[in-house]
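1. no sequence on this one, just coordinates:
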């Protein structure tokens, strides 16, 4: 699995586009994407239909406040066990008068 997050650096409030490229496998059942900083957490999860699922899953996280984020994507099997996980880091900078 590979993960692309854009933009890598943005001004708050920022919208992140996360694209996960997933290898086709009959055991793939869900993908969860998490965007987390020290002060903020957002996640999204979708069901996958194994090897019939699209190779690319796209997630959008809107209006994220400033901070350094770890973006994680995890593919799980039917029992909930992680099959693959990847991480990326993103910086969202305070805009103008925003205070941290």
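-> Sure thing, it's come through. None of these values were measured; they are calculated from a predicted model.
2. Give the rounded mean pLDDT of the longest strand belonging to the chain.
-> In the chain, ranked by residue count with DSSP state E as the criterion, the top strand is strand 82-93. For strand 82-93, the mean pLDDT works out to 97.
3. got the contact list for residue 95?
-> Taking Cβ atoms under 8 Å, 6 or more residues apart in numbering as the criterion, residue 95 is in contact with 11, 12, 13, 66. Using the backbone N, CA and C atoms, a C-beta is placed for each residue, glycine as well.
4. Distance of it relative to residue 17?
-> With distances defined as Cβ to Cβ, to the nearest Å, the gap from residue 95 to residue 17 amounts to 19 Å.
5. which residues of this protein fall in helices?
-> Using DSSP state H, no helices are assigned anywhere in the chain.
6. In space, not sequence, find me the middle residue of it.
-> Residue closest to the mean C-alpha point of the chain, counted by Cα atoms, centre = their mean, is residue 33 at 3.6 Å.
7. which residues pair with that one across the strands?
-> Listed by DSSP bridges, the beta-bridge partners for residue 33 are residue 44, residue 73.
8. The residue lying closest to residue 16 once chain neighbours are set aside - how many residues pack around it?
-> Residue nearest to residue 16 in three dimensions, not counting chain neighbours: residue 61, with 4.5 Å by Cβ to Cβ, 6 or more residues apart in numbering. Other residues lying near residue 61 total 21 when counted by other Cβ atoms under 10 Å.
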